[in-house]
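Q: return a 3D structure for these sequence lines:
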Amino acid sequence: MAKKKTASKKSPASAKSAGSSGQKGLFDDVSGGKLKPKKQTPKIADSPKVSPSGKAAEKPAAKAVEPETVESDAEATSPAAKSAAGKKSRAAYATAETMAKAQRSISVSEFFAKNRHLLGFDNPRKALLTTVKEAVDNSLDACEEAGILPAVEIAIRQITETHFCVSVQDNGPGIVRQQIPNIFGRLLYGSKFHRLRMSRGQQGIGISAAGMYGLLTTGKPIRITSRTSPKAQAHYYELQIDTRKNLPDIMKDDKIDWDAPHGTKVEIELEAKYLKGKQSVDDYLQQTAIANPHVTLVYHAPDGRNETYSASVSSSPPLPKEVRPHPLGVELGVMIKMLQDTRAKTAQQFLTSEFSRVSPRVAKEILDKAGIDSTTRVSRLTAENAKAVYHAVQQTKIMAPSTDSVVPIGEEQLISGLKQVVQADFYAAVSRSPAVYRGNPFIIEAAIAYGKPGDGEADSAEAPAEQKQTQQLIDGLMPHPAGEAQMDDDEDDSELARVIRFANRVPLLYQQGACAIYKAVTGMNWRAYGLIQGRGALPCGNLVIAVHMASVWVPFTSESKEAIAQYPEIMKELKLALQECGRQLGAHVRKTARINTELKKRSYIEKYLPAIGEALRDILDLKEKQVDKVCKDLKKILEHSRKF
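A: Sure, this is the predicted structure:
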């Protein structure tokens, strides 16, 4: 250790001696206690010196590499090296000026182009469903607003293995030429966001997002054909979205001849995957027919199938009315903004003109609680005044919002639509009275379809009573061959119920576990109604549960509109609707079980009627006619005593 220390710290004398021996020192200047490094040029190592004896002089290897080691240590610890390292570290970090130059606004279409999963374009299969869904929803809304019974034709054509073309055509009123590029070429553009009225679309994103997805995956523009009148030519557009500006980029704009007198046709090419079964386009159209019995759907599948869901109702549903916001559903910040934008002059006029269910008497009561004179000018109201009005509204009893803005499907129409798709033995439907959440009116409807056709008492009435009872007697007493029928019964009991969810007549196919409807169904005690159910699970059996929520603003959990949020008011109405359906189902299940029990008891007695007749004949010495008469009388007595 001592030798190493003396070797690394040389004295000036030793440095001079090194210089006199023909070697250049590491430092050529020593002044003021500072060492100035000297630039070294690469040098070829000298050949080893030969001693007089002819042998190469041996030199320790440590001494040969020692100058290089000292040089690297000196360079690392020198001020110049530290300065260079500091400049490099500072260059790796940004400054406030460089960060300011990089900041810019983000277009909404640019955001959703990178986050398309938020809109329902997670995978190719779901993208196909979302595209069809958004186009069909727009078509149905347009037809109903114009008072036209909707007839929608959906065609899916497969171009390559992963390349499809979706075409949706309706018989609606059409779209004026100036609005076509904005509707299909801009995100968050529409007429439904700012109004309080029930409609399928809400945000103005869906169809334009589908066109953007098609552009991103195939590079093809969206094609639109629309006609507003038989007297006018149809307008044909090919356009795409400029994601940086969220504006339409028109590729083609023509007037063409079209067979349809009025309506709109949308064609989108996209990367997709077609599969049948649950959460497919086929499943979506079936459920759409349930919730919209007034709609005719014509479907051309990629595999060549053609399906038609004809309208089972000949009249269009009533048109919902637009209403003003309810004061109980307005937050403080929104109320302050409304005060800034209102045209009302006084505080009382503001409350009566901007809100629904606020009469002059109610407005005066609110202002009195807030400590504000009813004749106070709106321009003089401060943020504190707005806060006082907001809290006074919460303490005032105000009539519930008008339900004219919400139109339910109806119990009869819901059962009619359910029968069109689901074949069952028992149907029941309930339409609840309107309720309110956050000031928004909503209605909950529920319907159930239970059993298989012919399982209930309906078939018992169709066939002759005696033959049916005899057949049931035989079926009940004879063992099932190889246990096949018993296995079928077990399979029926183990099958979980199917839940169909709707929001404003639109089927919800994804995120079932996160939806308030599913939570309400699994939270019910279905065992009280004669069904088998595991803890926290769906009930078992041949059961289909359809639940519909109609509202001016459905609280979806995401932009893809796949699940309903769990507000306490919504959960309460869902539970009450399901309980009412459950009571009807329980009555049916108990009645069916009672009938089966009576049939079984009657079958036991009928089995021994011939034996009783023979015994009476032997005891009383009766004739055959008398025996037959006795058996018939006993059978009549049995029927009267064992009524269903």
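Q: CA atoms for contacts and neighbours, from now on please.
A: Fine.
Q: can you show me the strands along the stretch 251-400 of the chain?
A: 263-271, 296-300, 306-309 (DSSP state E, counting those that start in this stretch).
Q: mind giving me the domain ranges of this protein?
A: In the domain annotation for the chain, the residue ranges read 111-309, 327-394, 411-584 (automatic domain parsing).
Q: ok, which of these comes nearest Ser316?
A: Of all the domains of the chain, the one in closest proximity to Ser316, counting by Cα to Cα, is domain 111-309 (5.8 Å).
Q: what about that closest one, how long is it end to end?
A: Its start and end residues considered, domain 111-309 measures 38 Å (Cα to Cα, to the nearest Å).
Q: next one: stretch 363-381
A: Terminal-residue distance, stretch 363-381 (Cα to Cα): 15 Å.
Q: returning to that earlier point: most tightly surrounded among the strands of the stretch 251-400 of the chain?
A: strand 263-271 (a mean of 24; mean count of other Cα atoms under 10 Å).
Q: run through the neighbouring helices and strands of that strand.
A: helix 124-145, strand 163-169, helix 206-218, strand 222-227 (3 or more Cα pairs under 8 Å, 6 or more residues apart in numbering; DSSP states H and E).
Q: 6 Å instead?
A: Here strand 263-271 is seen to pack against strand 163-169, helix 206-218, strand 222-227 when contacts are counted using 3 or more Cα pairs under 6 Å, 6 or more residues apart in numbering; DSSP states H and E.
Q: give me the contacts around it.
A: Strand 263-271 is contacted by residues 162-174, 214, 217-218, 222-227 when judged by Cα atoms under 6 Å, 6 or more residues apart in numbering.
Q: what's the spacing between Val168 and Ala113?
A: 23 Å.
Q: next one: Ile570
A: From Ile570 to Ala113 the distance is 33 Å (Cα to Cα).
Q: related to what we said a few turns ago, of the helices and strands packed on strand 263-271, which is nearest Asp137?
A: helix 206-218 (9.3 Å).
Q: and the closest one, what's buried?
A: Within helix 206-218, the residues that count as buried by 16 or more other Cα atoms under 10 Å are 206-216.
Q: for stretch 312-327, same thing?
A: For stretch 312-327, by 16+ other Cα under 10 Å, it's 312-313, 316-317, 319-321, 323-327.
Q: ditto for stretch 246-259
A: For stretch 246-259, by 16+ other Cα under 10 Å, it's 246-250, 258.
Q: and if you look at stretch 615-632?
A: 616-617, 622, 627, 630-631.
Q: closest to Val521 out of those?
A: Nearest member of the buried residues of stretch 615-632 to Val521, counting by Cα to Cα, is Cys631, at 51.4 Å.
Q: which residues of the stretch 51-200 of the chain score low on pLDDT?
A: Low-confidence segments of the stretch 51-200 of the chain, defined by pLDDT under 70: 51-91, 190-194, 196.
Q: list the residues that contact Ala370.
A: 388-389, 392.
Q: sorry, back to before: Thr98 is nearest to which of the domains of the chain?
A: Per Cα to Cα, nearest to Thr98 of these: domain 111-309, 22.0 Å.
Q: quick one, longest helix in the chain?
A: If you go by DSSP state H, the chain has its longest helix at helix 568-620.
Q: what does the next helix-or-strand element following that helix contact?
A: Later in the chain than helix 568-620, the nearest helix or strand by DSSP states H and E is helix 624-641. Residues from elsewhere that reach helix 624-641 (Cα under 6 Å, 6+ apart): Gly613.
Q: give me the angle between helix 624-641 and helix 568-620.
A: 160 degrees (axes from the mean of the first three to the mean of the last three Cα atoms, to 10 degrees).
Q: so for helix 624-641, what's the average pLDDT?
A: Model confidence over helix 624-641, given as mean pLDDT, is 75.
Q: quick one: low-confidence parts of this structure?
A: In the chain (pLDDT under 70), the answer is 1-91, 190-194, 196, 201-204, 454-494, 602, 604-605, 608, 638-644.
Q: look up how far Leu508 lies from the residue nearest the centre of it.
A: What sits nearest the mean C-alpha location of the chain, by Cα atoms, centre = their mean, is Glu562, with 1.3 Å. Here Glu562 is placed at a distance of 5 Å from Leu508 (Cα to Cα).
Q: need the residues touching each of the two.
A: By Cα under 6 Å, 6+ apart, Glu562 and Leu508 have no common neighbours.
Q: quick one: secondary structure of Leu187?
A: coil (DSSP: H, G, I helix; E, B strand; the rest coil).
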